[in-house]
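Enquirer: Predicted model follows, preceded by the sequence.
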There are 2 protein chains.
Amino acid sequence: MPTADKERMTTVLDVARRAGVSSATVSRVLNGQATVNAEARLRVLAAAAELGFQPNRMAQSLRSGRGRAVAMLVGDIEQNLYSALTKHVQAMLGQIGLDLLLYNLDHSPDRLRSFLAMAPSLGLRGLALATTDAIPPEFDPVLQGLRRGGMTLLSLGQRLDERGIPSIVHEEQAAGERAVRFLIESGRHPVLFVGRVTGSAIGAERYRGYRAALAGAGLPLRRELVFDTATAYRYSAGYDAVRRAIEAGTGFGAVQASSDEIALGAMAALHDHGRRVPEDVAVIGFGNIDWGAQMRPALTTLSVHHDAVAAALRSALENAEAGTEVPMLTSIGRSLIRRASA
Amino acid sequence: MPTADKERMTTVLDVARRAGVSSATVSRVLNGQATVNAEARLRVLAAAAELGFQPNRMAQSLRSGRGRAVAMLVGDIEQNLYSALTKHVQAMLGQIGLDLLLYNLDHSPDRLRSFLAMAPSLGLRGLALATTDAIPPEFDPVLQGLRRGGMTLLSLGQRLDERGIPSIVHEEQAAGERAVRFLIESGRHPVLFVGRVTGSAIGAERYRGYRAALAGAGLPLRRELVFDTATAYRYSAGYDAVRRAIEAGTGFGAVQASSDEIALGAMAALHDHGRRVPEDVAVIGFGNIDWGAQMRPALTTLSVHHDAVAAALRSALENAEAGTEVPMLTSIGRSLIRRASA
DNA sequence: CCGGATCGGGAAATCGATTTCTTGATCGAA
DNA sequence: TTCGATCAAGAAATCGATTTCCCGATCCGG
């Protein structure tokens, strides 16, 4: 057995002894609930300070039934969308004294399942599900079970409000329509659409925006211009789609991607096939990942507002704490960020 | 008061009652310590399964004195270096049943200080400090205090072994030397060096590699070729350095950046000033961020092995748990990943 | 057949903070 | 002056899992 020199932490009892009161009084002073003799209060405060007393979080958690952590489940922390969101959420939680438990789903339903299974025993303050991947319907009972068990559950980025989960999302269809309309009005059509059309509610909404813009301009929807990337929102999907379009001889003056990664993949393909951006082809992405602005040409894209999401999450957590109603849907606007690519 | 319908979780006592034994026996069965009557064991197992029993983590933590979370403090989760590392660490922790508590330092010593202050009361299983920012010496007492208090503390990415903190790092000087030697041998000199030379131990090591390569080739160290980016390892530092070099009329055939972000900023500046990469100027980065391969031209860089870091962290945690010695320094090699930019 | 050894398993203590419970005391009104 | 009320504050219960502690029973060698 290794010499356990783990010097015992100072407890509320140590403080009590030093201040010549009972542990109950120490607790009362530190939590400012009941009235305590002013002079005793000072002694307790002094004792706590002198001993550098820090209440044991584990004990507090056990007693109160909930810890001080909020879990956030992200699709893939390596993607800028999630890491940027995580950054804002962590900062917000820090401000209200909560810890962030991060769980990387890696796009795997199994990982989601296994986390949800152990979630109830964790004593979480809240659970934020941040993934754009579709959540299979078989999860609904588990998710609702958690909510009934008192868990504050929120979806970030994906609308699950119709499945009973309060959601904080960005507008998708209107934003997509705005961007495509801009391309058309700049005379850059035909416009290629590259993104997940099926299999992702968010992708479908963005695609609906594309169609709405076409309809608004009185243009027909041409199937050969739409590339449904079954795989995740990543570069190669954009690269391959554009390569195929070029090889098929399809003429187009712009690419509307449904993610910045796809847009950058598309730009790489355009480069490799001798098309100049934006002279020959304009490109617009979705999501404003941080290095889109560092590319040459810099990427035009649709904004994202992680700070607003974090703020909405905060108020949801606070409402839940206070027993107030949590809004089922919070929607955040996007704007077109014009840079060199379109 | 909101109707608290938080259905009580099933406890070890519920299981005990159902199996007709005492809670002690349930615990013995579930933890496989002492011997338990085979038939009773089965009853307990069955009862636990039927009730879907999940031991309350908070109670376990209080009892055992430590929770099941490992905290990781990162410089800035939005940077690919950290998000990629986080991904691997989280996956590794998940495998051994531990949770990841993520704390974003945002390059602020104050945030580090405030986290360290509350760390002892958290009951952490371990604490991984992952930042390339210099840790001011005034932190040493706190850090050592944590270690003496039994905390498993590790530095990831930055050598702090000489300050008494076990460190898991990548080789820096040898890797930098390798890259610069490659540039010189390809006839691409003079080589510009852009990166943190002072104020960052890691940057200094990479710079030492640059000088070593020069010395090895019998070339002089020319001050006008070295750009010390006082600010963080980000794009604009690389952009500005190259812009200034060009405007100053300094001739050069390559840029060795001390991060991929700097390299990409440098490439943007080269592009904006009509220099072609790699025809006119070769560029090598450091760190292999995921989208360096998506650029055109794709970025040549030095590898990073987050999986190896996570594995080393794992074995350190396991050693600490077992009371075994934790190695003070683990060093991981880097190799040159040749892509189009050099 | 007996006494020490081994074993299975329940009762109770423990971890540390908070929240009842309770009691002694002070206060105010009748 | 006295009795219910208000109040400060200690003793003890509580949260739930684990770990002593301890007892009765079975075992075995002598």
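Expert: That came through fine. Numbers count the residues shown, from 1 in each chain, chains lettered A, B, ... in the order given.
Enquirer: ok, which stretches of the stretch 1-150 of chain A are strands?
Expert: With DSSP state E, counting those that start in this stretch as the criterion, the stretch 1-150 of chain A has strands at A:69-74, A:99-104, A:126-130.
Enquirer: Counting by contacts, list what the second one packs against.
Expert: For strand A:99-104, the helices and strands in contact under the criterion 3 or more C-beta pairs under 8 Å, 6 or more residues apart in numbering or on different chains; DSSP states H and E are strand A:69-74, helix A:80-95, helix A:109-118, helix B:80-95, strand B:99-104. No exception for glycine: its C-beta is placed from N, CA and C like everyone else's.
Enquirer: pLDDT of the second one, averaged?
Expert: Mean per-residue pLDDT for helix A:80-95: 98.
Enquirer: about what we covered before: TSV please, covering the helices and strands packed on strand A:99-104 and showing mean neighbour count and distance to residue A:333.
Expert: What follows is those, written out as TSV (neighbours: other C-beta atoms under 10 Å in any protein chain shown; distance: least, C-beta to C-beta, whole Å):
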stretch	mean neighbour count	distance to residue A:333
strand A:69-74	24	23
helix A:80-95	22	17
helix A:109-118	15	29
helix B:80-95	22	26
strand B:99-104	24	26
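Enquirer: Mind checking those for the one nearest to DNA strand C?
Expert: Taking C-beta to the nearest atom of the strand, strand A:69-74 is the member of these nearest to DNA strand C, at 16.0 Å.
Enquirer: Sheet partners, orientation included, of that closest one?
Expert: strand A:99-104 (parallel), strand A:126-130 (parallel) (DSSP bridges).
Enquirer: Run through the residues of chain A sitting next to DNA strand C.
Expert: A:8-9, A:11-13, A:23-24, A:26-28, A:30-31, A:33, A:53, A:55-56, A:59-60, A:62-64 (C-beta under 7 Å from any atom of the strand).
Enquirer: pLDDT below threshold where in chain A?
Expert: A:1-6, A:231-233 (pLDDT under 70).
Enquirer: For it, which residue occupies the most central location?
Expert: Geometric centre of chain A, nearest residue: residue A:130, 4.4 Å, by C-alpha atoms, centre = their mean.
Enquirer: Is it bridged to anything, and to what?
Expert: residue A:74.
Enquirer: From what I see, it and residue A:84 are in contact.
Expert: No - look at residue A:130 against residue A:84 with C-beta atoms under 8 Å: they stay out of range, at 11.1 Å.
Enquirer: So which bits of stretch A:153-171 are buried?
Expert: For stretch A:153-171, a neighbour-count test (16 or more other C-beta atoms under 10 Å in any protein chain shown) marks A:153-161, A:165-171 as buried.
Enquirer: Centre of the chain to it, how far?
Expert: With C-alpha atoms, centre = their mean, to the nearest Å as the basis, stretch A:153-171 stands 11 Å off its chain's centre.
Enquirer: just stretch A:312-321 next, same as before
Expert: 15 Å.
Enquirer: Which residues are in contact with the residue of the stretch 151-300 of chain A found nearest DNA strand C?
Expert: Nearest residue of the stretch 151-300 of chain A to DNA strand C: residue A:152, at 18.9 Å (C-beta to the nearest atom of the strand). Neighbouring residues of residue A:152 by C-beta atoms under 8 Å, 6 or more residues apart in numbering or on different chains: A:125, A:126, A:127, A:316, A:317, A:320, A:326.
Enquirer: tell me which of those residues is nearest to residue B:121?
Expert: Within the contacts of residue A:152, the smallest distance to residue B:121 is 16.6 Å, found for residue A:125 (C-beta to C-beta).
Enquirer: returning to that earlier point: look up phi and psi at the residue of the stretch 151-300 of chain A closest to DNA strand C.
Expert: phi -80, psi 110 (degrees, to the nearest 10).
Enquirer: Report the separation between it and residue A:317.
Expert: Applying C-beta to C-beta, to the nearest Å, the value for residue A:152 to residue A:317 is 6 Å.
Enquirer: So for these two, which residues contact both of them?
Expert: Both residue A:152 and residue A:317 are contacted by A:125, A:126, under the criterion C-beta under 8 Å, 6+ apart.
Enquirer: Out of the contacts of residue A:152, flag the one nearest to residue B:297.
Expert: residue A:127 (43.3 Å).
Enquirer: Can you tell me how far the nearest residue to residue A:285 once chain neighbours are set aside is from residue A:322?
Expert: Ranked by C-beta to C-beta, 6 or more residues apart in numbering or on different chains and with sequence neighbours excluded, the top spatial neighbour of residue A:285 is residue A:263, at 3.3 Å. Taking C-beta to C-beta as the measure, residue A:263 falls 42 Å from residue A:322.
Enquirer: Then residue A:112?
Expert: From residue A:112 across to residue A:322, the span is 29 Å (C-beta to C-beta).
Enquirer: One more: residue A:288?
Expert: Taking C-beta to C-beta as the measure, residue A:288 falls 34 Å from residue A:322.
Enquirer: swap in residue A:149?
Expert: Counting by C-beta to C-beta, the gap from residue A:149 to residue A:322 is 19 Å.
Enquirer: Those two: which is more packed in?
Expert: Set residue A:149 next to residue A:322 and count neighbours by other C-beta atoms under 10 Å in any protein chain shown: residue A:149 wins out with 15 against 9.
Enquirer: So that one sits against residue B:10, correct?
Expert: No - using C-beta under 8 Å, residue A:149 is not in contact with residue B:10; the gap is 11.6 Å.
Enquirer: contacting residues for residue A:183?
Expert: A:189, A:191, A:253, A:254, A:256, A:282, A:284, A:342.
Enquirer: Residue A:22: how many residues sit nearby?
Expert: 13.
Enquirer: Ok, residue A:10 next?
Expert: Around residue A:10 there are 18 residues (other C-beta under 10 Å).
Enquirer: In space, what's closest to it - neighbours in sequence excluded?
Expert: Using C-beta to C-beta, 6+ apart, the closest residue to residue A:10 is residue A:51 (4.5 Å).
Enquirer: How about the secondary structure of residue A:155?
Expert: strand (DSSP: H, G, I helix; E, B strand; the rest coil).
Enquirer: Okay, the residue nearest to it when sequence neighbours are not counted and residue A:201: tell me how far apart.
Expert: In space, and not counting its chain neighbours, residue A:155 is closest to residue A:167: 4.3 Å by C-beta to C-beta, 6+ apart. According to C-beta to C-beta, residue A:167 and residue A:201 sit 11 Å apart.
Enquirer: For the residue nearest to residue A:155, give me its contacts.
Expert: A:154, A:155, A:156, A:158, A:159, A:160, A:161, A:328, A:329, A:330.
Enquirer: possible to save those as CSV with distance to residue B:214?
Expert: CSV is the format used below for the contacts of residue A:167 (distance: C-beta to C-beta, whole Å):
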residue, distance to residue B:214
A:154, 55
A:155, 55
A:156, 50
A:158, 53
A:159, 57
A:160, 58
A:161, 61
A:328, 63
A:329, 61
A:330, 57
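Enquirer: which ones among those residues are found in helices?
Expert: The helices, defined by DSSP state H, take in nothing from these.
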